[in-house]
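Colleague: Give the three-dimensional model of this entry:
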Amino acid sequence: MVEKTKTKSKSVKKPRAHKAVHHKPVKPTPVKIPVVVNSVKPVVKTAGYIFTVGRRKEAVARVRLFNNGKGDIIINGKLLNQYFPNFEHQFCILQPLKVSGLFEKINLQIKVGGGGKVGQADAIRHGISRALVVLDEKLRKTLKPYGFLTRDARVKERKKPGLKKARRAPQWQKR
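Modeller: Residues are numbered from 1 along each chain as shown. Modelled structure (predicted):
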């Protein structure tokens, strides 16, 4: 006869099965997401003037356009030719007014800051162009081909570590 021997085996602890607790299903609460209709700062039409903002590089120009004027352009409390003595900057600013034919029919009061003179002149041109489109929507077809309504998004690239400038590597030396 075959004898059965009992051997002790180590018992392996099985992980306890967690009892499933049945909760009532939770209804997700509706989250109010703000709807942004237009990401551009709204144009303000107040009594007497139209307010727009123009930008270029680090420069920001806040433009107030007064209808039925004489053609006066005041920038940071100074006349155009005092603030921008350089003819090229003056020409850049006056381009949308000459293209639209409203050079001597409106007054402009502008506050500009940040950046250099070239960036400020381009920001003012952008702001004036936006204000003219608010004044008369038909001017969009006139100003758009010149690129006056397009925000020039080119900015200075940041300096990277290990380089002398944004992309300029140190000069290689053989020895």
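
Colleague: Quick one: low-confidence residue ranges for the protein.
Modeller: Low-confidence segments of the chain, defined by pLDDT under 70, span residues 1-47.

Colleague: Sketch out the strands for it, chain order is fine.
Modeller: In the chain, the strands defined using DSSP state E lie at 44-46, 49-56, 59-67, 73-75, 78-79, 106-113.

Colleague: So for residue 119, which of those sits nearest?
Modeller: Minimum separation from residue 119 across these (Cβ to Cβ) falls at strand 59-67, 3.8 Å. Any C-beta I mention is one placed from the backbone N, CA and C, and that applies to glycine too.

Colleague: now the angle from the closest one to strand 106-113?
Modeller: Put simply, strand 59-67 runs at 160 degrees to strand 106-113, going by axes from the mean of the first three to the mean of the last three Cα atoms, to 10 degrees.

Colleague: Which other helices and strands does strand 59-67 contact?
Modeller: strand 49-56, strand 106-113, helix 117-135 (3 or more Cβ pairs under 8 Å, 6 or more residues apart in numbering; DSSP states H and E).

Colleague: Can you say which of the ones you listed is packed in most?
Modeller: When neighbours are counted by mean count of other Cβ atoms under 10 Å, the highest per-stretch mean among the helices and strands packed on strand 59-67 falls to helix 117-135, a mean of 24.

Colleague: Which positions within stretch 149-166 qualify as buried?
Modeller: The neighbour-count check on stretch 149-166 (16 or more other Cβ atoms under 10 Å) flags residue 149 as buried.

Colleague: So what touches that stretch?
Modeller: Where contact means Cβ atoms under 8 Å, 6 or more residues apart in numbering, the residues beyond stretch 149-166 that reach it are 55-58, 122, 126, 129-130, 133, 140, 143, 167, 169-170.

Colleague: Quick check: of those, which lies closest to residue 81?
Modeller: Taking Cβ to Cβ as the measure, residue 122 is the one of the contacts of stretch 149-166 closest to residue 81, at 18.0 Å.
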